[in-house]
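Student: Whatever this is, show me its structure:
(chains A and B)
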2 protein chains.
Amino acid sequence: MVNYPDFVELKEVGPRDGLQNETKWIPTEDKVAWIDMLSNSGVKEIEYSSFVNPKMIPALSDAREVGRRIQRNPEVFYSALVPNLKGLEYALETGIDGASVFMSVSETHNMRNINKTLDQTFPVLEKVISEAKQAGKRVTGYVSTVFDCPYEGRIDPEQVVRVCERLMEAGADELSLGDTIGTAVPSQVERLLESMIALYPKEKLIMHFHDTRGMAIANIMTSLQQGVTRFDTSIGGLGGCPYAPGAAGNVATNDVLYLLHGLGVNTGINEEKIRDASFFIQNKLGVKLPSKSLACHQHTA
Amino acid sequence: MVNYPDFVELKEVGPRDGLQNETKWIPTEDKVAWIDMLSNSGVKEIEYSSFVNPKMIPALSDAREVGRRIQRNPEVFYSALVPNLKGLEYALETGIDGASVFMSVSETHNMRNINKTLDQTFPVLEKVISEAKQAGKRVTGYVSTVFDCPYEGRIDPEQVVRVCERLMEAGADELSLGDTIGTAVPSQVERLLESMIALYPKEKLIMHFHDTRGMAIANIMTSLQQGVTRFDTSIGGLGGCPYAPGAAGNVATNDVLYLLHGLGVNTGINEEKIRDASFFIQNKLGVKLPSKSLACHQHTA
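Tutor: Have a look, this model is predicted:
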């Protein structure tokens, strides 16, 4: 029999990665009420917003107000996405336990996403990481398109390793490896994780899957089998890909909980509270969220 | 690294399991055109209809006409569902290469589904199996609710073994084990397959997953790791559960092909032809099919 870990830690990224591409504006008070529901679900970490230029991500332009108004549960770790020193300054003023910096391993994707080459990105992130660490914050390095890039195709694991090494040398505490366009299959996950686990303790590796082609749960299974115990998930599966509207985005917290609890793995998270919070944001957005386990409950509820 | 098989055989069950709960009538000529598309996709087996009482499954009441009008590709194995001797008689007249009999391992589910106890069902199926074998046909035993029953809850693998043994003793050539309500997680699959593989050659075992909670691809991965190489799939994910309309039904052929081809496993099936056949039936039904890989192509196409 396959052995599964006793405990798996999920970071709830719905309020950031989930909402960032939504065209419908969610009023600040609704975001706050929703994040407060998440804070009481048993989840250990919430990425509550993104301190990027509000012109780039209008859906999250109220990051500072959200950060000020949410009720901080002392048992929850609150992080936020910060792209640069200005973003970090706002995030520190507003209140964060951890900062997430991000870049792509693909030159083309990085250029299209933040208009910088990889070599232009490193010095920016190195400064952010350094300042965040000086402020006593944990830093997560989000590394995107680690399997496939929409422009460059298949990514060499060695290229992922090169980017990760730079971020870790700069002081990042941990790495979140993103299947940004949701194309990976388990053999790719296995291959990349073998390279990564040879370099870093498993506890420092977080897998961030998108379920665009329905592979995310299988990819999580493969990661678990490799000893990874940390995953980014988004409530209800919130978070469509801007390049494929209507297609699924982040893997759904609900489906991952169904898997993990079914396997007998503890998460500390209450599934019903996640379901309630899913229905809350679904009603605000007015669209059906893609999580399949949630859809089952919509009909039996 | 995990080793995957060189070849996996998919049986396309869309025309039977996929359509059987649809309330919209698909005209016979459309069914025929659609099955003919599937016959030219490279798929090795198609379950083209069900010879049950048309009052029970009105969507498939034209089984005989469909069977007479489809173009038989000599490289494709054509099977159909037969519940009893009358159904077998019609199926043999119409033309089948194989017959599928079915029953549940759960007393309550079997009673609700076909209004017989398990002990009342065996003699009926034994006669059907015997007659089908005398007619030179391969017989598949569909065994449903092998993991969980909507009425009885968790099913003991020993109960599955008991039902399977009766069917195999009666002459069935192979077994299709159904996660009818789509609740299983990989540890359940692993446990049941350990019992089954101890009794039967892996080649005689077919896994039939529903993706109601998004676990099907992970369950297929687990089955592959146990050495199973045969799966029932439904084009586009066609086949909603009657107890949860709108929830996903059978695992989508498209998503399974994405997984298998991504893993480097050969299926003989052309993904584009499956996509074309998916769009064909989707247009006829007028509803968006649940396959995620298909949804990606709807937006990039």
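
Student: Can you give me the neighbour number for A:Thr121?
Tutor: Other residues near A:Thr121 come to 23 when the count uses other Cβ atoms under 10 Å in any protein chain shown. Using the backbone N, CA and C atoms, a C-beta is placed for each residue, glycine as well.

Student: what's the answer for A:Thr267, then?
Tutor: 22.

Student: Verify the stated contact: it with A:Leu260.
Tutor: Yes. Using Cβ atoms under 8 Å, A:Thr267 is in contact with A:Leu260, at 5.5 Å.

Student: Between these two, which contacts overlap?
Tutor: Residues within reach of A:Thr267 and of A:Leu260 at once, by Cβ atoms under 8 Å, 6 or more residues apart in numbering or on different chains, are A:Val8.

Student: Is chain B within reach of stretch A:18-37?
Tutor: No. Using Cβ under 8 Å from any Cβ of the partner chain, stretch A:18-37 stays clear of chain B, coming no nearer than 13.6 Å.

Student: helix/strand/coil for A:Gly268?
Tutor: coil (DSSP: H, G, I helix; E, B strand; the rest coil).

Student: quick one: pLDDT of it?
Tutor: Looking at A:Gly268, its pLDDT is 98.

Student: Next up, phi/psi of it, please.
Tutor: In terms of degrees, to the nearest 10, the main-chain angles of A:Gly268 are phi 80, psi 0.

Student: ok, it - contacts?
Tutor: Contacts of A:Gly268 by Cβ under 8 Å, 6+ apart are A:7, A:42-44.

Student: Is it possible to mark the buried ones in these?
Tutor: Taking 16 or more other Cβ atoms under 10 Å in any protein chain shown as the criterion, what is buried in the contacts of A:Gly268 is A:42-44.

Student: Among those residues, which one lies nearest to B:Ile26?
Tutor: Using Cβ to Cβ, A:Val43 is the member of the buried ones among the contacts of A:Gly268 that sits closest to B:Ile26, with 44.5 Å.

Student: out of everything not next to it in sequence, what's closest to that closest one?
Tutor: Spatial nearest neighbour of A:Val43, chain neighbours left out: A:Glu12 (4.8 Å); criterion: Cβ to Cβ, 6 or more residues apart in numbering or on different chains.

Student: what does the strand or helix carrying A:Glu47 contact?
Tutor: Using DSSP states H and E, the element containing A:Glu47 is strand A:45-50. If you take Cβ under 8 Å, 6+ apart as the criterion, strand A:45-50 is touched by A:9-13, A:15-17, A:20, A:31, A:35, A:38-39, A:57, A:60, A:62-63, A:66-67, A:70, A:76-83, A:87, A:98, A:100, A:232.

Student: Export the helix or strand immediately after it in the chain to CSV, keeping only CA atoms.
Tutor: Going down the chain from strand A:45-50, the next helix or strand is helix A:63-69, by DSSP H and E. Output in CSV follows, covering the C-alpha atoms of helix A:63-69 (Å, rounded to 0.1, in the frame of the first residue of the first chain):
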residue,chain,number,x,y,z
ALA,A,63,-5.6,45.1,-1.0
ARG,A,64,-4.7,47.6,1.6
GLU,A,65,-8.3,48.1,2.8
VAL,A,66,-8.9,44.4,2.8
GLY,A,67,-5.7,43.8,4.8
ARG,A,68,-6.7,46.4,7.4
ARG,A,69,-10.3,45.2,7.8
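
Student: Identify the spatial nearest neighbour of whatever residue of the stretch 101-250 of chain A ends up closest to chain B, chain neighbours not counted.
Tutor: The stretch 101-250 of chain A approaches chain B most closely through A:Val185 (3.3 Å), counting by Cβ to the nearest Cβ. Distances taken as Cβ to Cβ, 6+ apart place B:Gly262 nearest to A:Val185, at 3.3 Å, with adjacent residues excluded.

Student: Same check on A:Cys149?
Tutor: Excluding the flanking residues, the one nearest A:Cys149 by Cβ to Cβ, 6+ apart is A:Ser106, at 3.6 Å.

Student: one step back: out of the contacts of A:Gly268, which two sit at the greatest distance?
Tutor: The widest separation within these (Cβ to Cβ) is 13.1 Å, between A:Phe7 and A:Val43.

Student: Surely A:Asp6 touches A:Thr267?
Tutor: No. A:Asp6 is beyond contact range of A:Thr267, at 10.5 Å (criterion: Cβ under 8 Å).

Student: May I have the phi/psi pair for A:Phe102?
Tutor: Note on A:Phe102: its backbone torsions stand at phi -150, psi 150 [degrees, to the nearest 10].

Student: related to what we said a few turns ago, partner strands of the strand holding A:Glu47 and their direction?
Tutor: Partners of strand A:45-50 in the sheet, by DSSP bridges, are strand A:9-12 (parallel), strand A:77-81 (parallel).

Student: could you turn that strand into CSV, dropping everything but the C-alphas?
Tutor: Included here for strand A:45-50 are C-alpha records, laid out as CSV according to Å, rounded to 0.1, in the frame of the first residue of the first chain:
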residue,chain,number,x,y,z
GLU,A,45,-2.5,30.0,5.7
ILE,A,46,-4.4,32.5,3.5
GLU,A,47,-2.9,34.6,0.8
TYR,A,48,-5.3,37.5,1.2
SER,A,49,-4.5,39.8,-1.7
SER,A,50,-1.9,41.1,-4.1
